[in-house]
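Visitor: Model the structure of this input:
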Amino acid sequence: MHASSVGVVWQFVSPSLGYSSNRIWKIVPSKFREPFATLYKQAAKLRQASNADALLLVLDTAADWAALRKAGRHNLILCVSQDANCLEGAEEHGLTPVILEADDIPVQELMETALLECVANDILEAGSQVVAVYSGFHSDVHDSISLIRLDEHLGRLTAKDLRKLETRVPLETLKSVVDLAVEIGFEGREGKPVGTLFVVGDARNVLEYCHPAGFDPVRGYKKDDRNLKDARTRDAIKEIAQLDGAIIVGSDGVVERSCQIIQVSATSLTLSKGLGARHWAAASISKVTKAISVVVSESNGTVRLFQDGEVVLRIEPMRRAMKWREFDFDPPTSSSE
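Guide: Now for the predicted structure:
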């Protein structure tokens, strides 16, 4: 392991002075040492000079939490990892652990996802500034510092915003659907923009106004395999979102139907110019039922929530994250004499 990384040592500990068959393994945090210590302290100085709201540190191993807390010189230090075991003990030392359930993704996307989670969970405000320390060029070395300014229109709602909606749909379910819609609007699928419609809650009444557009990909699956709490289900829904029709979600977060055509009269409704058939369907079904409609605009990724036939919340997408690429270098050809 590189000396500058915040590392972990897997240490065998015997319950007695001699060998024992009852082996215990524990994580021993690495020491807070150079050159990482200098980099981290510089990040802390930048946070202070810029009056940023938090420090963010991306980790894939355990750390000396007490040293990080002391050197960080701030109340809000975010420790981000995809491995919950790496962050054990961080909270006890006054740090804020941010655990992400994500596959192997570029560090820029990882940080952006972490910041969005912090905003969604009211840890950060939408207009916050954060100083991040991360491995930008070498995966085993912390070598980069960035000052990140979060846009006022972050692509994710806070729980406070959702609580303003007077609905029978549980907050957890609504938040899960909105987060998924924002991800679809931001990411698209395979580089292409995707528009889709979720109808959440009052599923029995909603389905009375629906008929299948064709094959329903979720039909025949067990209830547990259709729950949006499951990461695999969310990934599957991102694929299904490319197909025509609405996705109907129950109040418990279970996808009841997909690829559904909604047939409701929209004669009494008024919408802004430029909104297409998907938005009219969303407004209409929210007018005649107690459901909340969540629409992703294919043209720009904007997410709109409809209730009682009207737009009640609008979420603008963040600009797309920068993608790191390897340097392309062709050595000069030697000229023959």
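Visitor: Please count neighbours and contacts with C-alpha atoms only from this point.
Guide: Fine.
Visitor: For the residue nearest to residue 59 when sequence neighbours are not counted, grab the count of nearby residues.
Guide: Nearest non-adjacent residue to residue 59, counting by C-alpha to C-alpha, 6 or more residues apart in numbering: residue 81, 5.2 Å away. For residue 81, the count of nearby residues is 24 (other C-alpha atoms under 10 Å).
Visitor: Is residue 81 in contact with residue 105, as I believe?
Guide: No - judged on C-alpha atoms under 8 Å, residue 81 makes no contact with residue 105 at a distance of 11.8 Å.
Visitor: Touching, residue 312 and residue 305? I think so.
Guide: Yes - using C-alpha under 8 Å, residue 312 is in contact with residue 305, at 5.7 Å.
Visitor: so where's the stretch 1-150 of the chain shaky on pLDDT?
Guide: For the stretch 1-150 of the chain, the stretches flagged by pLDDT under 70 are 1-31, 102-104, 120.
Visitor: ah, wrong one, I meant the stretch 151-300 of the chain
Guide: In the stretch 151-300 of the chain the weaker segments, taking pLDDT under 70 as the threshold, are 151-166.
Visitor: and if we set it to 90?
Guide: 151-176, 178-179, 182-193, 212-215, 220, 223-224, 229-231, 264-277, 298-300 (pLDDT under 90).
Visitor: quick one, helices of the protein?
Guide: Under the criterion DSSP state H, the chain contains helices at 36-50, 65-72, 107-120, 159-163, 171-187, 203-207, 231-240, 277-288.
Visitor: The second one to helix 36-50, inter-axis angle?
Guide: What separates the directions of helix 65-72 and helix 36-50 is an angle of 40 degrees, with axes from the mean of the first three to the mean of the last three C-alpha atoms, to 10 degrees.
Visitor: what does the third one give?
Guide: Taking the same axes, to 10 degrees, helix 107-120 and helix 36-50 form an angle of 50 degrees between their directions.
Visitor: swap in the fifth one?
Guide: Relative orientation of helix 171-187 and helix 36-50, computed by the same axes, to 10 degrees: 100 degrees.
Visitor: Who are the packing partners of helix 171-187?
Guide: Packing partners of helix 171-187 (3 or more C-alpha pairs under 8 Å, 6 or more residues apart in numbering; DSSP states H and E): helix 159-163, strand 196-200, strand 292-296, strand 303-307.
Visitor: Could I get the contacting residues of the residue minimising distance to the centre of the chain?
Guide: Central residue of the chain (C-alpha atoms, centre = their mean): residue 113, 4.1 Å from the mean position. Contacts for residue 113 (C-alpha atoms under 8 Å, 6 or more residues apart in numbering) come out as residue 100.
Visitor: shift numbering so it begins at 600
Guide: Let's use 600 as the start, then, which means that last one is residue 712.
Visitor: So it versus residue 699, what's the distance?
Guide: Distance from residue 712 to residue 699, counting by C-alpha to C-alpha, to the nearest Å: 8 Å.
Visitor: ok, now residue 903?
Guide: Plainly put, residue 903 is 26 Å away from residue 699 if you go by C-alpha to C-alpha.
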